[in-house]
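Asker: Got a sequence here, can you build the structure:
(one chain, ligands or ions: 1)
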Amino acid sequence: MTRSVAATEGVDLLAEPLLHNPQLRVQVAESRSVRQSLILAEVTRVGDLLDYDRGDWLDPLTLARRMGLSRPHIPRRVLQEAKAALPPAARAYLDRVLLKGTPRPPSTPGPPDLLIGPLPRRPNRPPHPFTASQLHELQPVCFQTAPRKHLYTLVLHTLHALTLVSRPETKWRDLLPPLEGEQPQWASLYSTLVPRPVGDISWRLLHGAVSMGTYLARFTPVPDTCPFCGVRKTLAQVYLECARLQPLFQLLTNLLLCFWLHFSPHLFIYALPICSLTKSQDLLVNLLLALAKTAIYKTRERRLADAVSCDCRAIFRSSVRSCIWAVFLWAASTDSLDAFEERWALSEVLCSVSPSGSLCLTL
Ligand SMILES: [Zn+2]
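Answerer: As a prediction, this is how the structure comes out:
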């Protein structure tokens, strides 16, 4: 539908849109930020520019305040351009309205609530129990207030629904079938203790989304055996079975025993669920597992790139120690050593703090 002229009088003129109106070009309102602040100030129609109490057009300073601006030059331009764009008959009508104080622009209700959510799945196609698709878990939400993350997930999982629904969420279900009642602990991979890049490596490993060189092997003659032990490389071989990893796993076994936990390949890959009663300990154990995965990942990358062999157990130890040092120095400078001890010196497995306030690393 198109219109050739803007309304010139009556409530139609008062309700004439200020934004996106080709019949009433207000150039300054074509900027996205100006448009947003006008919507915020609820000034979207010609009638909204009138101040009925003062019997005049809105004061630019008042409008600036409503638009959340500190200076009135943009509101002044909005007013000037709107007035200039109005035909003389419309200007004369508005002058009469301001004089009489009536009619007022019709009050319009806010936009209706829009709910957005996935369409219910057809009953003849039940979702795979361990699919990578989260579509069946997403509930309809109010579009206006939905968090960005939720909308992103909804769009992503809708666009790629067919690919995701046919894919299990982790390759490890076949390689390392979860024990009864065991679930991949996706939520345990990230926490306040785990640095983001470290969490990302755990997340990728749990998905099975780490490079094994198979794609590269199509173009270049890379060997399909492990560069450390010569055994044919698979995801399980590289991250669980390789001989070079066993000293690291022995160290983890000893550390976790101090927390009364049994280290196993399942715990290593699927991570530890966080329980409210043992939260501090669970967070610390998940950090250790994540740093161990990162040590394996980085030493392998280094070996492939430079043919340099690093001891992943030593790398793991030094990364735990530097992590603790960094947090300790921060705690000491902010006078929060008690909180540090509660979090990091649990059972003195990794470190302890002396009465004089110095750090003793036990790992
Ligand atoms: Zn190996």
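Asker: pull the longest helix from the protein.
Answerer: Taking DSSP state H as the assignment, the helix of the chain that covers the most residues is helix 279-306.
Asker: name the helices or strands packed onto it?
Answerer: In terms of contact count using 3 or more CB pairs under 8 Å, 6 or more residues apart in numbering; DSSP states H and E, helix 279-306 is assigned the packing partners helix 196-207, helix 246-258, helix 265-270, helix 312-333, helix 337-344. C-beta here means a position set from N, CA and C on the backbone, and glycine is covered the same way.
Asker: Is it possible to get TSV of the ones you listed that adds mean neighbour count, distance to residue 84 and mean pLDDT?
Answerer: Converted to TSV, those look like this (neighbours: other CB atoms under 10 Å; distance: least, CB to CB, whole Å; pLDDT from 0 to 100):
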stretch	mean neighbour count	distance to residue 84	mean pLDDT
helix 196-207	18	52	94
helix 246-258	15	74	95
helix 265-270	20	67	95
helix 312-333	16	59	94
helix 337-344	16	62	90
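Asker: mind giving me a markdown table with the ones you listed and columns for distance to residue 214?
Answerer: Output for the helices and strands packed on helix 279-306, formatted as a markdown table (distance: least, CB to CB, whole Å):
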| stretch | distance to residue 214 |
| --- | --- |
| helix 196-207 | 16 |
| helix 246-258 | 25 |
| helix 265-270 | 20 |
| helix 312-333 | 22 |
| helix 337-344 | 40 |
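Asker: Export the ones you listed to CSV and append columns for distance to the ion.
Answerer: Listed next are the helices and strands packed on helix 279-306 as CSV, based on distance: least, CB to the ion, whole Å:
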stretch, distance to the ion
helix 196-207, 16
helix 246-258, 10
helix 265-270, 15
helix 312-333, 11
helix 337-344, 33
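Asker: for these, which one sits closest to residue 162?
Answerer: Closest approach to residue 162 among the helices and strands packed on helix 279-306 is made by helix 196-207 (18.5 Å; CB to CB).
Asker: now do the same end-to-end measure for stretch 64-80.
Answerer: For stretch 64-80, the first-to-last residue distance is 14 Å (CA to CA, to the nearest Å).
Asker: Show me what that stretch is in contact with.
Answerer: The set of residues external to stretch 64-80 that reach it, using CB atoms under 8 Å, 6 or more residues apart in numbering, is 18, 26, 28-29, 34, 37-38, 40-43, 49, 57-58, 60-61, 63.
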